[in-house]
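> Build me a model from this:
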Amino acid sequence: MLPILAGYIAMSIADRPGLAAGFVGGWIAKQGYTIGYLSTAMDADAQAALVSGGFLGALLAGFLAGYIVLGLERALEKLPSSLEGIKPILLYPVLGVFLTRLVMMGVNPVMGAINSALSGFLNGLSGTSIVLLGIIVAGMQATDMGGPINKAAYVFGTAALAEQTVTGNMIMAAVMAGGMVPPLAIALSTTFFKNRWTEADRKAGVVNYIMGLSFVTEGAIPFAAADPLRVLPACIAGSATAGGLSMLLGCASPAPHGGAWVIAVITNPVQYLLALAAGAVVGCLVLSLLKRPLPPEQSGLGK
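Numbering: from 1, shown residues only. Down below sits the predicted model:
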């Protein structure tokens, strides 16, 4: 997943010439290669020193690769026109891969340290602090709704799930609940507090019921982008509530995705739905209290 993510981020910035550089940068981030590793490559214990940069490292690799290739395009634009044909198929990819590899191996120790610290912190909360862990990972899901913090929590949840333990399944359930709450909270607010929203918002809010139940957190992005100071805190509060209750009630999910549509395989399904509903209601109430009622001409009500 990580090399593909980095590759297509780079491609979105620099078009097809950035794809190869992004793939390589993401792979280096995943493997944890560093410049220091080169000097110990012949050492049998060198592999143990590798520390993956994880999702955040791959994200950085994608942006680095994209902008490195864009820089190459500008730097090489004065080459003879006879070389124009080989630029996108040879010069940009080869030089882009080389420079991206060099830069990523330089910054990988930092990204690896950040990734290890984050994973260590979250792992340290398991056991006696399992409810707090649920609150944190679920709240992270609502922090940037599909961005790096959201994906870091999701990757942590899937890594815990891969261990095939009850605790790992509980973490995954909390992560999924945290990602489902933001769209649901917004949908509830647009339904029951109509005077806080425009007519267009209310129509868009209906779709968020389906997106929320399907664990598509990104359904909340347009609302968060339009009013982040109110929407984000409310969604984080709701998601944290749902994640904490999910842990407290012993809910566990063996599925990494699916939302409410995989409720049949979730341990304690009724309690899980109650935790999800409680989080959505908390998010809705906080959001609706933070948002001021709109004048009738803006809300389209009372005409």
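
> can we go C-alpha only for contacts and neighbour counts from here?
OK.

> Export the helix or strand harbouring residue 71 to CSV, keeping only CA atoms.
According to DSSP states H and E, residue 71 maps onto helix 54-75. Backbone C-alpha positions of helix 54-75 (Å, rounded to 0.1, in the frame of the first residue of the first chain) are rendered in CSV as follows:
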residue,chain,number,x,y,z
GLY,A,54,5.4,4.0,7.8
PHE,A,55,2.4,5.9,6.3
LEU,A,56,3.9,9.3,7.2
GLY,A,57,7.2,8.5,5.5
ALA,A,58,5.4,7.3,2.3
LEU,A,59,3.3,10.5,2.3
LEU,A,60,6.4,12.6,2.5
ALA,A,61,8.1,10.4,-0.2
GLY,A,62,5.2,11.1,-2.6
PHE,A,63,5.4,14.8,-2.2
LEU,A,64,9.2,14.8,-2.4
ALA,A,65,9.2,12.7,-5.6
GLY,A,66,6.6,14.8,-7.3
TYR,A,67,8.3,18.1,-6.6
ILE,A,68,11.8,16.7,-7.4
VAL,A,69,10.5,15.6,-10.9
LEU,A,70,8.9,19.0,-11.4
GLY,A,71,12.2,20.6,-10.5
LEU,A,72,14.0,18.4,-13.0
GLU,A,73,11.5,19.4,-15.7
ARG,A,74,12.4,23.1,-15.1
ALA,A,75,16.1,22.4,-14.8
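
> Against which helices or strands is that helix packed?
Packing contacts for helix 54-75, counted by 3 or more Cα pairs under 8 Å, 6 or more residues apart in numbering; DSSP states H and E, involve helix 2-14, helix 17-31, helix 92-124, helix 148-162.

> Any buried residues in the shortest one, and which?
Of the residues in helix 2-14, those with enough neighbours to count as buried (16 or more other Cα atoms under 10 Å) are 2, 3, 4, 5, 6, 7, 8, 9, 10, 11, 13, 14.

> angle of the helix holding residue 71 against helix 148-162?
Here helix 54-75 runs at an angle of 130 degrees relative to helix 148-162 (axes from the mean of the first three to the mean of the last three Cα atoms, to 10 degrees).
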